[in-house]
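Give me a model of this one.
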Amino acid sequence: MSLPPPPKFDQDLREFLETQHGSLVMLSDDPLFVRTLRTTVLKTLGIKADCLEVYQDAGLALRSVRDHLEKKLPVLVLADRLLRGMPTLEFMRSLKGAFAEAKILVMTQETSRDALSQLYEIGVDSVLTKPVSVGTLIEKMAGAIKPQGKISQLVQEAKRLLELGETAKVKQISHAILKVKEKSPVALMLLGDALLVEGKRDEAIKAYEEAHEGATLYLEPLKKLASVHQGEDEDNYLLYLKKLDVISPLNTERKCEIGKVYVRKKDMGKAEVYFGEAIVNAQREASSYVEQIVSGIAESVAEASPAMAEKYYFKILELKGTNLTKDDMVTFNRLGIALRKQGKWKEAIENYKKALTVVPGDERVLYNMGLAYGDGQQHRQAVDCYEQVLKSDPEFHRTAAVVSYNIASAYHLIKQAAAAREFLLTALEIDPHHQASKRLLAKLDAG
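Predicted coordinates for the structure are as follows:
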């Protein structure tokens, strides 16, 4: 009596692990789930090959994925959404950004719509909710590595052809899918992509809009619509970004982008709302990511609104608490510039004094403090700062003509003409056309 053939999911997984020599790279600190997976691979599937690697370090897991892909071997990554209590979203972003061909299955106990939308938007291939049976685990793994069903296979083929630029064949497949499944959003998306490659922007937009109408919670049409309007139509760009934000509100970068659009529209109130939400999102992930997000916000508004930039630079320092290092001097200096632009020279000086408690004698901080003293007409103190800089680095004034000029100007204002002249000559040596230096030197010559 012959045994019945194994289920299709088992066959797909065995083909991946044995025939294709695929690997399972796992990022998890859940010993129970690791044991379940080992049992699934070794006993249920009967895989003899050593194909499972388990890591608790994201960097090591990424390195393993890279090594396998460099050998042209396929990889399925199984990652816990939380590792030691911290989200692994940055690992997933890095994985999909660097190795798009790697498949990823995320294990989570979080089943909220917002969290799931965020995972799928990053590019996760499948999501598994714990606890899980062996049968469900096999089904989810098979679904992640191989599209199930005829339409899914056609979609994969169309995507491959699109990368090759064979738009006519992509359109043929799209129409074939639409005959089987009328108004299929995926088929309309492929059609739009092909039309866009052909330069038929208006027709592509129409296809994307139809795809969106057919599946209002499907993110991809909205992302395409936002993309085609970016740089062309600010209002429609914002419209689709906000629609995406409603469906997937945990996307931090998009909230920042919406805020930046509002900055360009001079609507600082709405910009601040979205920047605030971006920071809250980032705080859920990791402190380093928060700093990156807040710094990006501050720099994006520095010219349009120094007051808003001040708030966000201060936020970065506040987040660091007592863990400030030399690397934070950039933030201190940018905060000082934002304060000075608003005429807050006293506050800028206090900011620089705090910076000097972290890195005593830092030349850039002392120089900027000198500029702040100059803003407040405290020219003797400004010169004191500059002299500390030059004692530490006698060539500092040669950084740029404007640096020599600023030092010269301070000496001139405390009536030390000889020193002022020396720095002005250096400024003109660096830049013979530096007009401010020429004017001040002429004034000194005139007596």
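
mind checking the SS state of residue 79?
Classification of residue 79 by DSSP: H, G, I helix; E, B strand; the rest coil places it in strand.

Give the residue spans of the stretch 301-447 of the chain that score low on pLDDT.
For the stretch 301-447 of the chain, the stretches flagged by pLDDT under 70 are 447.

can you give me the helices in it?
Assigned by DSSP state H, counting those that start in this stretch, the stretch 301-447 of the chain shows helices spanning 306-320, 329-341, 345-358, 363-375, 379-392, 401-413, 417-430, 435-445.

Name the residues of the shortest one that are buried.
Using 16 or more other Cβ atoms under 10 Å as the burial criterion, the residues of helix 435-445 that qualify are 437, 440-441. Heads up, the C-betas are built off the backbone N, CA and C, glycines and all.

do the same with stretch 98-115
So stretch 98-115, judged by 16+ other Cβ under 10 Å, has buried residues 99, 102-108, 110, 115.

ok, now stretch 400-418?
Buried-residue list, stretch 400-418, by 16+ other Cβ under 10 Å: 401, 403-412.

on that earlier part again, have a look at the buried residues of stretch 98-115 and tell me the least confident one.
Within the set of the buried residues of stretch 98-115, pLDDT is lowest for residue 110 (67).

how about the helices in the stretch 1-150 of the chain?
Going by DSSP H, counting those that start in this stretch, the stretch 1-150 of the chain shows helices at 8-14, 31-39, 58-70, 89-98, 113-122, 134-145, 150-163.

what's in contact with the shortest one?
The reference is to helix 8-14. 5-6, 44-45, 47, 138-139, 141-143, 145-146 (Cβ atoms under 8 Å, 6 or more residues apart in numbering).

relative orientation of the helix ranked longest in the chain and helix 89-98 in degrees?
Using DSSP state H, we find that the single longest helix of the chain is helix 268-285. Angle, helix 268-285 to helix 89-98, by axes from the mean of the first three to the mean of the last three Cα atoms, to 10 degrees: 100 degrees.

now the closest residue to residue 234 other than its chain neighbours: how far from residue 250?
Computed as Cβ to Cβ, 6 or more residues apart in numbering, the closest residue to residue 234 that is not its neighbour in sequence is residue 261, at 6.6 Å. Between residue 261 and residue 250 the computed distance is 19 Å (Cβ to Cβ, to the nearest Å).

so how many other residues sit close to residue 50?
Number of residues near residue 50 (other Cβ atoms under 10 Å) recorded here: 8.

now swap in residue 212 and tell me
By other Cβ under 10 Å, the burial measure for residue 212, its neighbour count, is 22.

Where does it fall, secondary structure wise?
helix 201-214 (DSSP states H and E).

Ignoring the adjacent residues along the chain, who's closest to residue 333?
Per Cβ to Cβ, 6+ apart, closest to residue 333 is residue 368, 5.5 Å.

from what I can see that neighbour touches residue 339, true?
No - using Cβ atoms under 8 Å, residue 368 is not in contact with residue 339; the gap is 10.3 Å.

what touches both of these two?
residue 348.

Which residue ranges make up the domains of the protein?
Per automatic domain parsing, the domain ranges recorded for the chain read 8-145, 148-247.

is it possible to export those domains to a markdown table including distance to residue 421?
Below are the domains of the chain laid out as a markdown table (distance: least, Cβ to Cβ, whole Å):
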| stretch | distance to residue 421 |
| --- | --- |
| domain 8-145 | 55 |
| domain 148-247 | 50 |
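
quick one: which of those is nearest residue 291?
domain 8-145 (12.6 Å; Cβ to Cβ).

residues near residue 59, how many?
There are 10 residues near residue 59, going by other Cβ under 10 Å.

next one: stretch 8-15 to chain centre, how far?
36 Å (Cα atoms, centre = their mean, to the nearest Å).

Just the buried positions in that stretch, please.
9-10, 12-14.

do the same with stretch 21-34
22-28, 30, 33.

Stretch 323-332 too?
324, 328-329, 331-332.

Take those residues and write them to JSON lines, including distance to residue 431.
Shown next, in JSON lines, are the buried residues of stretch 323-332 (distance: Cβ to Cβ, whole Å):
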{"residue": "324", "distance to residue 431": "35"}
{"residue": "328", "distance to residue 431": "31"}
{"residue": "329", "distance to residue 431": "26"}
{"residue": "331", "distance to residue 431": "29"}
{"residue": "332", "distance to residue 431": "28"}
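
If we only consider the residues you listed, which is nearest to residue 188?
Nearest member of those to residue 188, counting by Cβ to Cβ, is residue 331, at 46.2 Å.

wait, doesn't that closest one sit right on residue 295?
Yes - assessed by Cβ under 8 Å, residue 331 is found in contact with residue 295 at 7.1 Å.

quick one: common contacting residues for these two?
313, 316.

Quick check: residue 157 vs residue 120, distance?
Residue 157 is 22 Å from residue 120, by Cβ to Cβ.

Could you list the buried residues of the helix holding residue 212?
204-205, 207-212, 214.

Same question for stretch 250-270.
250-252, 254-263, 268.

Any chance of those residues in TSV with pLDDT, secondary structure and distance to residue 317 as columns?
Below are the buried residues of stretch 250-270 laid out as TSV (pLDDT from 0 to 100; DSSP: H, G, I helix; E, B strand; the rest coil; distance: Cβ to Cβ, whole Å):
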residue	pLDDT	secondary structure	distance to residue 317
250	87	coil	26
251	89	coil	26
252	90	helix	20
254	94	helix	26
255	96	helix	22
256	96	helix	19
257	97	helix	25
258	97	helix	25
259	97	helix	20
260	96	helix	22
261	97	helix	27
262	97	helix	25
263	97	helix	22
268	96	helix	22
